[in-house]
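Enquirer: Sequence and predicted structure below; questions after.
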Amino acid sequence: QVQLVESGGGLVQAGGSLRLSCAASGGTFSRYAMGWFRQAPGKEHEFVAAINWSGGSTFYTDSVKGRFTISRDNAKNTVYLQMNSLKPEDTAVYYCAAKRDYCAGIGCYTVRYDYWGQGAQVTVSS
């Protein structure tokens, strides 16, 4: 059983930056694909970014490409989401997620995660 704990959310002005962290425990971190998802009030749960087990492959939804960067440190059992040039439409609760990395293609990294964190609020003011 994997436990995930997010940190680093907060309030920032448009154009600013935040870095989210997600610390994992209870499993062999380097065997897991890691993802970030978000949900804004009244909107669907949305894939944001994912990274494969080694960190060698990353995937992003179109709306954050060039602004957000996902990375991981397997020695620290932690995945990060660096968010730059934030926009008010990025306001949401951000969730970290994990699953065993058996993926063979990009589509696999955007769905069906097994473990979830409690979420971190990110609010971007205009």
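Expert: Thanks, I have it. Numbers count the residues shown, from 1 in each chain.
Enquirer: Could I get the full set of strands for this structure?
Expert: Using DSSP state E, the strands found in the chain span residues 3-7, 10-13, 18-25, 32-39, 46-51, 58-60, 68-73, 78-83, 92-100, 115-116, 120-125.
Enquirer: Distance-wise, check residue 88 relative to residue 57.
Expert: Shown here: residue 88 relative to residue 57, a distance of 30 Å by Cβ to Cβ, to the nearest Å. C-betas here are computed from N, CA, C, even on glycine.
Enquirer: So for those two, which residue has more residues nearby?
Expert: For the pair residue 88 and residue 57, the greater number of neighbours falls to residue 57 (14 against 11), based on other Cβ atoms under 10 Å.
Enquirer: leaving aside the residues next to it on the chain, what's closest to the more buried one?
Expert: residue 51 (7.0 Å; Cβ to Cβ, 6 or more residues apart in numbering).
Enquirer: Contacts only, for the one you found.
Expert: If you count contacts by Cβ atoms under 8 Å, 6 or more residues apart in numbering, residue 51 has them with 33, 34, 35, 57, 58, 59, 70, 71, 72, 79.
Enquirer: Buried ones among these?
Expert: Using 16 or more other Cβ atoms under 10 Å as the burial test, the contacts of residue 51 include 33, 34, 35, 59, 70, 72, 79 as buried.
Enquirer: Fine by me, thanks again.
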